[in-house]
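Visitor: Generate coordinates for the sequence data below:
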Amino acid sequence: MLPTLADVLRLDAVRRGEPRVVAGADRLDARVRWVHSAEVTDIAHLLRGGELVLTTGIALPDEPGRLRRYVAELSEVGASGLIVELGRKYASALPAALISAAEEYGLPLIAWARETPFIDVTEAVHAQIIDAQLAELRASEKLHEVFTQLSVDGAPPADVIRQVARLAGQPVILENLSHQVLAADAAGADPAELLAGWETHSRAVRTEERTAYDESSRWLVTVVGARGEDWGRLIIAGTGPPSPRDVVLIERAATTLALGRLLEQHAQSLERQAHGSIISGILAHAYSDPQEAAARARALGVPLTGRRLLGIVVLPCRTGTDGGLPPLSELADATAAACRDAGLAALVGTLDEGSPQARVGVLASLPTRAEDEKLLGDVARRLRAHHAVTSSAEGRPRGHARDFVMAAGSIVESIRDVRRSFLEAEQVADVAARRSDDRSFYRLPDLRLRGLLHLLRDDARLQTFVERELGPLLTHDAARGGDLVRVLALYLDSGRNKALAAQRAHLSRPALYERLRRIERVLDADLEDVESCASLHVALLALDSVRRER
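Guide: Just a heads-up that it's a prediction; the model follows:
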């Protein structure tokens, strides 16, 4: 950073002249770009701004009007100050006309009481200037290395913002064009306080240039975008005017964000990342204060305080029309659109993407008197429609209900209890994904006995029950490569209707009868006994839960 006039006055080469500020004492923070000595009055047209002018005053005019014009021209070109050495032109004091003109135009005016070699001053100041420029070049190179590495690594916006906050030592916020916060790092400050009333504050800050400093808010703001399409603003919420390094920092970060956006054309949107980050943080108890999560959600337009909260899971199914899983990012975008069209305020993001447990998470924020069943039905219908349209547009078979299942947990009243609602929704979705019915959405009561067994699947007592009821048959099939367990399940699922069971098993009736007799011998059970069949049916349902994909 260039030295200020105050910095220059503290240099030994300058202090030897016993400098005294006689005008413009409130402007000593002016930056000195260069030092120029001149003994002519028409020097202004040779300057470019930021120069500290040194003179003995021997060429200055005596007329007050011409002195005033001399000062006015220096001020107009942006000179940082004027130092006049006493002893040649002026014996012990500068003329009043010169001082008053300097005060009028805000030009710092310094008088040297003793003779001072100008070359010593020039060398000292220029050395400091060059050192500052080298430091800025090194800092710029370091910033280039940091953000180039972030670009190469494909760092998400949250990581870029975190790095900017660390380098700036100030809070940093990335918002979209609707003034909703996509990512933020409070740099040690209170996030809730930083983001309180964010949209209102942000809309009040308007800048004409792509990068500008707003004095009223003390924000350094730059526009983020590429290819002529701007999509957000990056803000350093500082405590004073930014340094040149801060400007380089924010612009380099904006470039990294814009490049990342271009490289993620087929990845989930920034909004989905921001939403998913908050949901994941809540589920992992990453927020020490729930109010921080509430503040971040509110900055994205989703209020969580004073509302009824509901965890929803949309789980891709391998029974989709193309035999595989629908793209998770596409499913998340369709879910967000469905919630928006249904008028449901919600955070929607992908959870554990890239893992076998990947799913879309929805944290719905319901008004006090909202009918949750009606809202869920509306969202489910719209989701099916959105997903079908997207699939068709991408050239894939049109989606249907079994491309995914939507499951909801119980309503909770606080952010601290959201995790419980999500866990229930995930358990329900896990069971519903293996059902053959065509419900638009599922909740725990819809799963009945199968849902209860799923919740108890890790209980050793249930596993012991399964082994006691089905163990001999499982061992028999494993040793002989048989299908007696499958036949028993089809028989019981058919309501003990042997004709229907034979049809479903693709067996003749005599073949089915023979297998049923073999099952009775292996299990030492009577398949005509209702209680025995009920017990075996429960054991088969429990086995299905225990064997579920993890």
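Visitor: Identify all contacting residues around stretch 187-194.
Guide: Identification of contacts with stretch 187-194 by CB atoms under 8 Å, 6 or more residues apart in numbering yields 165-166, 168-173, 184, 186, 237, 289, 291-292, 294-296. (Each C-beta comes from the backbone N, C-alpha and C, glycine too.)
Visitor: So how do I select the buried members of these in ChimeraX?
Guide: Applying 16 or more other CB atoms under 10 Å to the contacts of stretch 187-194, the buried members can be selected in ChimeraX as follows:
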select :165,168,170,171,172,173,184,186,237,291,292,294,295,296
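Visitor: Just the contacts of stretch 187-194: which are in helices?
Guide: 165-166, 168, 291-292, 294-296 (DSSP state H).
Visitor: Helix or strand: which one has V302?
Guide: Taking DSSP states H and E as the definition, V302 sits outside all helices and strands.
Visitor: Could you check how far the residue nearest the centre of the chain is from D159?
Guide: Closest to where the C-alpha atoms of the chain average out (CA atoms, centre = their mean) is A183, at 3.3 Å. A183 sits 9 Å away from D159, going by CB to CB, to the nearest Å.
Visitor: Could you do V84 as well?
Guide: To D159, V84 is 54 Å away according to CB to CB.
Visitor: Between these two, which is the more surrounded one?
Guide: More crowded of V84 and D159, by other CB atoms under 10 Å: V84, with 21 against 16.
Visitor: what about the residue lying closest to W231 once chain neighbours are set aside, which SS state?
Guide: Nearest residue to W231, sequence neighbours excluded (CB to CB, 6 or more residues apart in numbering): G225, at 5.3 Å. Taken by DSSP: H, G, I helix; E, B strand; the rest coil, the conformation at G225 corresponds to strand.
Visitor: can you offset everything so residue one is 551?
Guide: All set: I'll call the first residue 551, so the last point we hit is now G775.
Visitor: Reformat the ones in helices among the contacts of stretch 737-744 as JSON lines; add distance to R858 and pLDDT.
Guide: Converted to JSON lines, the ones in helices among the contacts of stretch 737-744 look like this (distance: CB to CB, whole Å; pLDDT from 0 to 100):
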{"residue": "A715", "distance to R858": "34", "pLDDT": "93"}
{"residue": "R716", "distance to R858": "38", "pLDDT": "91"}
{"residue": "A718", "distance to R858": "39", "pLDDT": "90"}
{"residue": "Q841", "distance to R858": "18", "pLDDT": "91"}
{"residue": "E842", "distance to R858": "21", "pLDDT": "91"}
{"residue": "A844", "distance to R858": "14", "pLDDT": "93"}
{"residue": "A845", "distance to R858": "19", "pLDDT": "93"}
{"residue": "R846", "distance to R858": "19", "pLDDT": "92"}
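Visitor: Other residues contacting stretch 621-628?
Guide: 593-595, 597-600, 603, 632, 648, 651-652, 654-657, 659.
Visitor: Inside helices: which ones of these?
Guide: Per DSSP H, these map to helices at 648, 651-652, 654-655.
Visitor: hmm, which of the residues you listed are the buried ones?
Guide: By neighbour count, with 16+ other CB under 10 Å, the ones in helices among the contacts of stretch 621-628 hold 648, 651-652, 655 as buried.
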